[in-house]
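Novice: Predicted coordinates and the sequence they were generated for:
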Amino acid sequence: MPQVSVVLPCLNEERTVGACVRKARAAFAAAGLDGEVVVADNGSTDRSVAMAAEAGARVAHESRRGYGSAYLKGIAEARGQYIVIADSDDTYDLGEVPALVAELRKGADMVLGSRLRGTIKPGAMPWLHRYVGNPILTGLLNLLFGLRASDAHTGLRAFTREAYDRLNLRTTGMEFASEMIIAAGQAGLKVAEVPITYYPRAGESKLRSFRDGWRHLRYMLLRSPTHLFLLPGVLLMVLGWLPLIALAGGPIVVGSYFIDFHYMIVGSALALLGLQLLLLGLSAKTYLAARGLERPDPWLAWLRSRFSLERGLLIGLILLAAGLGLGAKIVVVWAEHHFENIFELRTGLIALTLSVSGTQLIFSSSFLSLFGITTREE
Ligand SMILES: Nc1nc2c(ncn2[C@@H]2O[C@H](COP(=O)(O)OP(=O)(O)OP(=O)(O)O)[C@@H](O)[C@H]2O)c(=O)[nH]1
Ligand SMILES: [Mg+2]
């Protein structure tokens, strides 16, 4: 069994893949490592496969398209205890492989080669990626997942086989690169960084800035329901209930400014929208947890231990009853005025918001409890 496997995804890189394989093998020899090179191809139409094999690589063939698919196959076929991944466009210096392996030997579970902390040769990274795309996506990844990567989109990385098997990766496109780092953070892996040098590529880029940037962004947001749903939901509920409560008794006059029920109408809409987001967020978190894609969350665990369908239904029914009660009060006032024109908009808005919120809670609790149903097969 080799100690180190270098896995290179390759889509039509006939000009460079052979050189990459040779450089990796030269690095093994120089550092006295027992290594293999696996080239992961899924549909190259040029001479890449032949070039890779000729240079001494084992070629793994995957039928499904995509950068992630190629890696899933290539890494599955790698046999080394340490796995290093890099591009096959000769933009990473494969002579740096032993430096990454050394970090793994020192105890890291994963090592990221950082171009932004290292050297980027002129013409290697377009301005848009260097100063806009990469910093924004890396910053957002760190913010959403509590990480401290300096170059989340680096293609030169290393990890131990054992660490990789714990990550359970599954995305098929370019977002594989983000998924790997997010999963490493959630699994609590020890991630180290080493500065590396990035060179200009030969041959045509496979990266489509906006399509692939959006794939990364979309993936990060979907994996982070707290930021996508829960925080905006809570904010909207607060913004909504504030005017509903403050203006319940009558308008507020600030100097010459008259704050009246119009704000309650907006408030009602915001409060309902906020609750909707909150409930969607809880469902999203529960779904991710059920698929093993959510970092253990003590707050959610607490909520789950308290939640039962009956409790959710009870709270929903209380809110619904409160709303209907207020509605009934309006009817009484109306009857007292012999069913003539009355102005009960303030109470009406509160009644409406409460009863719709209650109804939403009743149905959402039922939906959430679906996740808790266990069947005989499970
Ligand atoms: N097998 C396979 N390899 C792919 C696929 N897409 C990209 N690659 C390879 O993945 C590596 C990264 O793709 P690049 O086009 O270099 O993307 P990048 O490095 O982010 O962008 P550049 O800076 O333009 O090189 C290269 O070695 C590609 O050949 C794919 O669908 N299948
Ligand atoms: Mg590249």
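Specialist: Great, that's in hand. Ligands and ions are numbered 1, 2, ... in the order given.
Novice: List the contacts of the least confident helix or strand in the chain by mean pLDDT.
Specialist: Least confident helix or strand, the chain: helix 298-306 with a mean of 81, by mean pLDDT, DSSP states H and E. Defining contact as CB atoms under 8 Å, 6 or more residues apart in numbering, one finds that helix 298-306 is touched by 282, 285-286, 289, 294. Using the backbone N, CA and C atoms, a C-beta is placed for each residue, glycine as well.
Novice: repeat that with 10 Å
Specialist: 225-226, 230, 282, 285-286, 288-289, 294, 297, 307, 368, 371-372 (CB atoms under 10 Å, 6 or more residues apart in numbering).
Novice: got it, and stretch 60-73?
Specialist: With contact meaning CB under 10 Å, 6+ apart, stretch 60-73 is reached by 7-11, 38-44, 49, 74-78, 85, 87, 155, 169-177, 179-180, 206-207, 212, 215.
Novice: Ok, stretch 245-260 next?
Specialist: 243, 261-264, 267, 345-347, 349-350.
Novice: start to end distance for it?
Specialist: 12 Å (CA to CA, to the nearest Å).
Novice: Based on its surroundings, how many neighbours for Phe210?
Specialist: For Phe210, the count of nearby residues is 9 (other CB atoms under 10 Å).
Novice: Reformat the contacts of helix 298-306 as CSV; add neighbour count.
Specialist: Below are the contacts of helix 298-306 laid out as CSV (neighbours: other CB atoms under 10 Å):
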residue, neighbour count
Pro225, 23
Thr226, 16
Leu230, 21
Leu282, 22
Lys285, 22
Thr286, 22
Leu288, 18
Ala289, 17
Glu294, 19
Asp297, 14
Phe307, 17
Leu368, 18
Phe371, 13
Gly372, 12
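Novice: Tell me which two in those are the farthest apart.
Specialist: Spanning the widest gap among those are Thr226 and Gly372, at 20.8 Å by CB to CB.
Novice: any chance you could map the strands in the stretch 151-300 of the chain?
Specialist: With strands called from DSSP state E, counting those that start in this stretch, the stretch 151-300 of the chain shows them at 157-160, 191-198, 252-254, 257-259.
Novice: Nearest to ligand 2, out of those strands?
Specialist: When these are compared for distance to ligand 2 using CB to the ion, the nearest one is strand 191-198, at 8.8 Å.
Novice: quick one: contacts for Lys329?
Specialist: Lys329 makes contact with 344, 347-348, 351, according to CB under 10 Å, 6+ apart.
Novice: measure it to ligand 2 for me?
Specialist: Note on Lys329: its distance to ligand 2, by CB to the ion, to the nearest Å, is 68 Å.
Novice: next one: phi and psi at that residue?
Specialist: phi -60, psi -40 (degrees, to the nearest 10).
Novice: Three-state assignment for Lys147, please.
Specialist: Actually, residue 147 is Leu. It isn't Lys. Taken by DSSP: H, G, I helix; E, B strand; the rest coil, the conformation at Leu147 corresponds to coil.
Novice: Switch the contacts of helix 298-306 over to TSV, and while doing so, append distance to ligand 2 to every line.
Specialist: TSV is the format used below for these (distance: CB to the ion, whole Å):
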residue	distance to ligand 2
Pro225	32
Thr226	33
Leu230	36
Leu282	40
Lys285	35
Thr286	38
Leu288	31
Ala289	35
Glu294	32
Asp297	36
Phe307	47
Leu368	44
Phe371	41
Gly372	46
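Novice: So which of the residues you listed are in helices?
Specialist: Members of these lying in helices (criterion: DSSP state H): 225, 282, 285-286, 288-289, 368.
Novice: Now which of the contacts of stretch 60-73 would you call buried?
Specialist: The neighbour-count criterion (16 or more other CB atoms under 10 Å) marks 7-11, 38-42, 44, 49, 74-75, 77-78, 85, 87, 155, 169, 171-177, 179-180, 206, 212, 215 among the contacts of stretch 60-73 as buried.
Novice: restrict these to those near ligand 2?
Specialist: Filtering the buried ones among the contacts of stretch 60-73 for neighbours of ligand 2 using CB under 5 Å from the ion leaves Asp87.
Novice: Considering only the buried ones among the contacts of stretch 60-73, which also neighbour ligand 1?
Specialist: 9-11, 40-42, 87, 155, 206 (CB under 6 Å from any ligand atom).
Novice: Return the residues in contact with Val266.
Specialist: With contact set as CB under 10 Å, 6+ apart, Val266 has these partners: 239-240, 243-244.
Novice: Likewise for Gly80?
Specialist: By CB under 10 Å, 6+ apart, the contact set of Gly80 is 1-7, 33-36, 38, 101, 160-161.
Novice: center of this protein - which residue?
Specialist: The chain has Met220 as the residue nearest its centroid, 2.4 Å off, counting by CA atoms, centre = their mean.
Novice: Kind regards, and thank you for your time.
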